[in-house]
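Return a 3D structure for these sequence lines:
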Amino acid sequence: MNPESPPSRTPDPRIAWTTPTPALIAVTVGGVVLAAAAVLADEAASRLLIGLAAVGLLVLAGLGFRQRPRLSVLPGPEPRLVVRSLLGPTEYTRDQIMRARVVSYRRLGRKTPMLEIDVQHDGDERLLIFGRWDLGERPDDVFETLLEHRLAKQPTE
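Numbering: from 1, shown residues only. Purely as a prediction, here's the structure:
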């Protein structure tokens, strides 16, 4: 190594969104607490119901940790969108992204924004939907970043 030149560190150019780690840790702790409560329960029905809730929370936490980061952008001359699922990451080029938009759905009495992305995947059309839980950020902000990297087009109404 040449002592005159410092080692070059290239920062990771990836822009990523994922479920916040503290939220996943809280879900994991809740699952462990429910599992302990299931073991200590006196009745069989209580043990079953609390145990099922514990398994549900632990599975949810496992899925959240497995799919990190959920959505990312690899910027550059040919930016790519990377979506991570249970089976691993899938990359989509700008040509494969047919449409991206933010849509508000009614959930629990209020409107919740969701990021919808239509993509071509192995010759089929696939609809990907991401909420705040998946992204850890407002879907509107993620959509703005996709616009900046030319992975989405401004919606025309």
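
burial measure for the residue lying closest to L86 once chain neighbours are set aside, as a count.
Distance criterion Cβ to Cβ, 6 or more residues apart in numbering; nearest residue to L86, sequence neighbours excluded, is R66 at 6.1 Å. Every residue, glycine included, has its C-beta placed from N, CA and C. Neighbour count for R66, taken as other Cβ atoms under 10 Å: 12.

Spatially nearest residue to T90 (excluding sequence neighbours)?
Using Cβ to Cβ, 6+ apart, the closest residue to T90 is V83 (5.2 Å).

Give me the average confidence score over stretch 60-79.
Averaging pLDDT along stretch 60-79 yields 91.

and if you look at stretch 121-140?
92.

how near is the residue nearest to L86 to D141?
24 Å (Cβ to Cβ, to the nearest Å).

again, but for I50
38 Å.

So what are the sheet partners of the helix or strand hosting E116 and their directions?
For E116, the element it lies in under DSSP states H and E is strand 110-121. Looking at strand 110-121 with DSSP bridges, its partner strands are strand 97-107 (antiparallel), strand 124-130 (antiparallel).

what's the offset of the longest one from the middle of its chain?
Looking back up the chat, that one is strand 97-107. Averaging C-alpha positions (Cα atoms, centre = their mean, to the nearest Å) puts strand 97-107 15 Å from its chain's average.

export it as CSV, just CAs?
C-alpha atoms of strand 97-107 as CSV (Å, rounded to 0.1, in the frame of the first residue of the first chain):
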residue,chain,number,x,y,z
ILE,A,97,-41.5,-0.7,-13.4
MET,A,98,-44.8,0.0,-15.1
ARG,A,99,-46.3,2.4,-12.5
ALA,A,100,-45.6,3.6,-9.0
ARG,A,101,-48.1,5.7,-6.9
VAL,A,102,-49.2,6.4,-3.4
VAL,A,103,-52.8,5.4,-2.7
SER,A,104,-54.7,6.0,0.5
TYR,A,105,-56.8,3.1,1.9
ARG,A,106,-59.3,3.3,4.7
ARG,A,107,-58.0,1.2,7.6
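
This completes my enquiry, with thanks.
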